[in-house]
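J.: Here is a sequence together with a model predicted from it:
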Amino acid sequence: QVQLVESGGGLVQAGGSLRLSCVASGRFFSIIGMGWYRQAPGNQRELVAAITSGGKTNYADSVKGRFTISRDNAKDMVYLQMNSLKPEDTAVYYCEASIYKYWSSTVGSDYWGQGTQVTVSS
């Protein structure tokens, strides 16, 4: 089984910083892309940032210039550095990975972590 485990959430004041980490474990061939999503109460889950195995990144407009996604392919980890946090960043943050389960796989399978709460006070 493939598991994604997030860490690093918490409570921070507006203007502060947090760093989220996510590690993938289990049996799989390779990770294609990794990303961070978030879901606030009453809202749909939305993409925050994503990164390919080659390091190409994509960000939601609301976090551009404040958040930075990075990954360590050797450790099967992805990170989200969040600076200048705002109360509207408050949400549960989920790690997502698209993974080739087997060497013969031609389509990636999506896996999700259980989420980590980020709360930004004003």
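T.: Yes, it's here. Residues are numbered from 1 along each chain as shown.
J.: so is the residue located most distally from the centre of the chain in a helix, a strand, or just coil?
T.: In terms of distance from the mean C-alpha position of the chain, S104 ranks first, at 26.3 Å (CA atoms, centre = their mean). At S104 the chain is in coil, as set by DSSP: H, G, I helix; E, B strand; the rest coil.
J.: What's the separation between it and I31?
T.: 16 Å (CB to CB, to the nearest Å). In this view, the C-beta of every residue, glycine as well, is placed from N, C-alpha and C.
J.: quick one: low-confidence parts of the chain?
T.: Low-confidence segments of the chain (pLDDT under 70): none present.
J.: quick one, what contacts the most centrally placed residue in it?
T.: Closest to where the C-alpha atoms of the chain average out (CA atoms, centre = their mean) is W36, at 2.4 Å. Counting by CB atoms under 8 Å, 6 or more residues apart in numbering, W36 touches 20, 22, 47-50, 69, 78, 80, 93-96.
J.: And for Y93?
T.: E6, G9, L20, W36, Y37, R38, V48, L80, G115, T116, Q117, V118.
J.: go with 6 Å
T.: For Y93, the contact set (CB atoms under 6 Å, 6 or more residues apart in numbering) comprises L20, W36, R38, T116, V118.
J.: Now do the fourth one against F29, distance only.
T.: Here the distance between T116 and F29 works out to 27 Å (CB to CB).
J.: More neighbours: these two, which one.
T.: T116 (22 against 12; other CB atoms under 10 Å).
J.: And the nearest residue to that one once chain neighbours are set aside, how far from G113?
T.: Setting aside the residues directly before and after it, T116 is nearest to G9 in space (CB to CB, 6 or more residues apart in numbering), at 3.4 Å. From G9 across to G113, the span is 11 Å (CB to CB).
J.: do S62 as well
T.: From S62 to G113 the distance is 21 Å (CB to CB).
J.: So which of those two has more stuff around it?
T.: Comparing S62 with G113 by other CB under 10 Å, the one with more neighbours is G113, at 21 against 13.
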